[in-house]
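Visitor: Here is a sequence with its predicted model. Questions after.
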Amino acid sequence: QVQLVESGGGLVQPGGSLRLSCAASGLTFSMYAMSWYRQAPGKERELVASISSAGGSTSYVDSVKGRFTISRDNAKNTVYLQMTSLKPEDTAVYYCKAINYRRVDYWGQGTQVTVSS
């Protein structure tokens with residue numbers, strides 16, 4: 001079955017960096033666009049960044065532009081989110097999502113990112 005497994009979350013001080021990974025299995029990874037979402041306590045889930053199936057196109061929510069970078073390695077079936085200059089408001093559970101041209105989507109279980117001094 002399809003599995004998306006996030007890793008790399010943790011506790012980091014403001015201004016610090018983290019790299020999240022999402023390893024996919026059970027699907028043809030190169031045929032799926034990938035996204036990172038986040039959900040903070042008491043807030044709705046928010047789209048953070050997306051990358052096309054081949055990796056040639058990316059997009060970001062305004063609040064992370066210039067600080068976060070999404071990338072993928074189709075040979076490793078993995079998508080990454082490099083996060084720099086982290087702020088307390090980046091604290092959330094981060095989820096990856098895979099979606100294909102038929103709008104079939106899959107979600108990971110999430111990884112907690114906490115930005116605090």
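Guide: That came through, no problem.
Visitor: Please make it C-alpha for all contacts and neighbour counts, starting now.
Guide: Noted.
Visitor: And stretch 45-61, what's buried?
Guide: By 16 or more other CA atoms under 10 Å, the buried positions in stretch 45-61 come out as 47, 48, 49, 50, 51, 52, 53, 55, 60.
Visitor: Partner strands of whichever strand or helix holds residue 20 and their direction?
Guide: If you go by DSSP states H and E, residue 20 is part of strand 18-25. Using DSSP bridges, the strands paired with strand 18-25 are strand 3-7 (antiparallel), strand 78-83 (antiparallel).
Visitor: so which of those strands is the most packed in?
Guide: strand 78-83 (a mean of 21; mean count of other CA atoms under 10 Å).
Visitor: immediately after that strand, which helix or strand?
Guide: Using DSSP H and E, the first helix or strand after strand 78-83 is strand 92-99.
Visitor: Quick check: neighbours of the helix or strand that comes right after that next one in the sheet, parallel or antiparallel?
Guide: Moving toward the C-terminus from strand 92-99, the first helix or strand encountered (DSSP H and E) is strand 105-107. With DSSP bridges as the test, strand 105-107 is paired with strand 92-99 (antiparallel).
Visitor: If anything else comes up later, I'll come back, but that's it for now.
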